[in-house]
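Q: Structure here, sequence nowhere to be found:
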Ligand SMILES: [Zn+2]
């Protein structure tokens, strides 16, 4: 067996001759010494043979982990010579060396890149024993590079879509217009999700109708008309875009957003009651209504100890508003649980009745909102869309943001979302060639 050839081919450099090696057992470091013979050298610029040998040069290139060796270096000796074509003294072409990260092989960069599709730069840096800032640059370059191959699968099922915005940055104004103008502004990123594949299709800065329109531009006119249900939050700008672009889509208001809005309402009620209790100096109610115990009141079927359960019972007896609020919330959950359309309608009617008898201004306001979006809520029930996917993806995006210690650069954050939650990765783009060679590396 020709080990020389095996190793040569395995690192993507067919023409090397391996002279010797040193394996440091204590730190699993392998140093390979190899030479590129002059007769195999071709001009790095014009792929033409070199004649007239000039001198030997050497460089060290990092290779991916090999067998037990965790860190592998290739000390390469290569010749320079005159090129037949351009008539200049040229270095030879070394296509297995990465054209941007010149001390690393293409295979090392691609391997690192694929690990970073799954985990953070810091974790990859520990696994591969390399500087993490270096890896960050690799990840950025690779995402940009793969972007040119980004395409949606042809059999993409877009019948059910949803769109949401994620918080990107809260920035301080450098110059404020006046003493009462806001100090901060928030930047959002809009990301439509294809529910059947649970993937983010595209991203755009902002949360305006323009942002969503920009995102939807990745879909062909035909695909846009294939959308049957589009779940969005109660945000008028998104409504307008969906109406304008997807003529066959019924707009569904997502359960997640409804519940979010409901919980905000309930929280306001809790705060109001908390203030009242403070005025009355009712220690028990203050204790039960503080933000710290919020979860007891607000979580759907929370796990409570017997003591907490008893205390909650007592609170409900003492405070009719909170009791009514909890009842409204609980019943609303049950309304949304309905799969049967006519059952849903009758239960919703009952729910409106409950809100009416409760006579709480806050919930009256919420009920008006529900009334306004009734057809959209009905569309949600009909579509059988589950929130699990959009909610899950939203969480995933938040995790991406936190794990990256918040992104500053909108482009890199958008790429990262597409890499982790969309189609911008090696699972969806055929990029095996990058192990061997990087054509047109500049992006
Ligand atoms: Zn040349």
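A: Sure thing, it's come through. All figures in this text were calculated on a predicted structure; none of them were measured in a lab.
Q: What are the phi and psi values at the residue in the stretch 101-250 of the chain that the ion sits nearest to?
A: Nearest to the ion in the stretch 101-250 of the chain, going by CB to the ion, is residue 102, at a distance of 19.1 Å. C-beta: built from backbone N, CA, C; applies to glycine. As for residue 102, its main-chain torsions (degrees, to the nearest 10) stand at phi -70, psi -10.
Q: now do residue 163
A: When quoted as degrees, to the nearest 10, the phi and psi of residue 163 stand at phi -140, psi 140.
Q: My read is that it contacts residue 215, right?
A: Yes. The criterion here is CB atoms under 8 Å, and residue 163 meets it with residue 215 at 7.3 Å.
Q: Who has more neighbours out of these two?
A: Taking neighbours as other CB atoms under 10 Å, residue 163 and residue 215 compare with residue 163 leading, 25 against 20.
Q: now that we're looking at that one, which residues does it contact?
A: Contact analysis of residue 163 by CB atoms under 8 Å, 6 or more residues apart in numbering lists 190, 191, 192, 193, 212, 215, 230, 231, 232, 238, 242.
Q: Next, residue 32: secondary structure please.
A: Assigned by DSSP: H, G, I helix; E, B strand; the rest coil, the conformation of residue 32 is strand.
Q: the strands in this protein, which residues?
A: Ranges of strands within the chain are 17-24, 29-35, 50-63, 71-83, 89-90, 160-172, 184-194, 199-200, 204-205, 229-232, 250-253, based on DSSP state E.
Q: got the buried residues for the helix or strand of the chain with the lowest mean pLDDT?
A: Lowest on mean pLDDT, DSSP states H and E among the helices and strands of the chain sits helix 294-298, with a mean of 72. Buried residues in helix 294-298, counted by 16 or more other CB atoms under 10 Å: 294, 296, 297, 298.
Q: which helices and strands sit right next to it?
A: Other elements packing on helix 294-298 under the criterion 3 or more CB pairs under 8 Å, 6 or more residues apart in numbering; DSSP states H and E are helix 255-280, helix 306-318, helix 320-337.
Q: so which of those helices comes closest to the ion?
A: Between those, helix 255-280 lies closest to the ion; by CB to the ion that is 60.6 Å.
Q: Could you name the helices and strands sitting against the closest one?
A: Helices and strands touching helix 255-280, by 3+ CB pairs under 8 Å, 6+ apart, are helix 283-289, helix 294-298, helix 320-337, helix 361-372, helix 387-403.
Q: Mean pLDDT lowest where, among those?
A: Note on those: helix 294-298 shows the lowest mean pLDDT, a mean of 72.
Q: Pull the distance from it to the chain's centre.
A: Centre-to-centre, helix 294-298 and its host chain are 29 Å apart (CA atoms, centre = their mean, to the nearest Å).
Q: And stretch 11-18, by the same measure?
A: Distance of stretch 11-18 from its chain centroid, counting by CA atoms, centre = their mean, is 38 Å.
Q: One more: stretch 418-425?
A: Between the centre of stretch 418-425 and the centre of its chain there are 7 Å (CA atoms, centre = their mean).
Q: do stretch 274-283 as well
A: 44 Å.
Q: Just to check, residue 428 is in contact with residue 153?
A: Yes. Taking contacts as CB under 8 Å, residue 428 lies within contact range of residue 153: 7.2 Å.
Q: So the two - more neighbours on which side?
A: The neighbour count for residue 428 versus residue 153, taken as other CB under 10 Å, is higher for residue 428 (19 against 11).
Q: Would you mind splitting this protein into its domains for me?
A: Recorded structural domains for the chain (assignment: automatic domain parsing) are 3-146, 160-254+387-423, 256-383.
Q: Of those, which is nearest residue 437?
A: With CB to CB as the measure, domain 3-146 is the member of these nearest residue 437 (4.6 Å).
Q: how long is that closest one from one end to the other?
A: Criterion CA to CA, to the nearest Å; first-to-last residue distance in domain 3-146 is 34 Å.
Q: Kindly report the same for stretch 148-168.
A: End-to-end distance for stretch 148-168, by CA to CA: 24 Å.
Q: Also stretch 147-165?
A: Per CA to CA, the first residue of stretch 147-165 is 22 Å away from its last.
Q: heads up, I number from 496, so please use that
A: Sounds good: first residue 496 from here, last item stretch 642-660.
Q: re the thing from before, quick one, which of the helices and strands packed on helix 750-775 is nearest to residue 517?
A: Minimum separation from residue 517 across the helices and strands packed on helix 750-775 (CB to CB) falls at helix 882-898, 37.5 Å.
Q: and that closest one, which residues are buried?
A: Neighbour-count burial for helix 882-898, counted by 16+ other CB under 10 Å, picks out 882, 884, 885, 886, 888, 889, 892, 895, 896.
Q: if we can go back for a sec, rebuild the strands of the chain as TSV, extending it with mean pLDDT and distance to the ion.
A: Compiled in TSV, the strands of the chain are given as follows (pLDDT from 0 to 100; distance: least, CB to the ion, whole Å):
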stretch	mean pLDDT	distance to the ion
strand 512-519	92	23
strand 524-530	94	21
strand 545-558	93	8
strand 566-578	94	3
strand 584-585	92	5
strand 655-667	83	47
strand 679-689	86	46
strand 694-695	90	45
strand 699-700	90	44
strand 724-727	87	56
strand 745-748	87	61
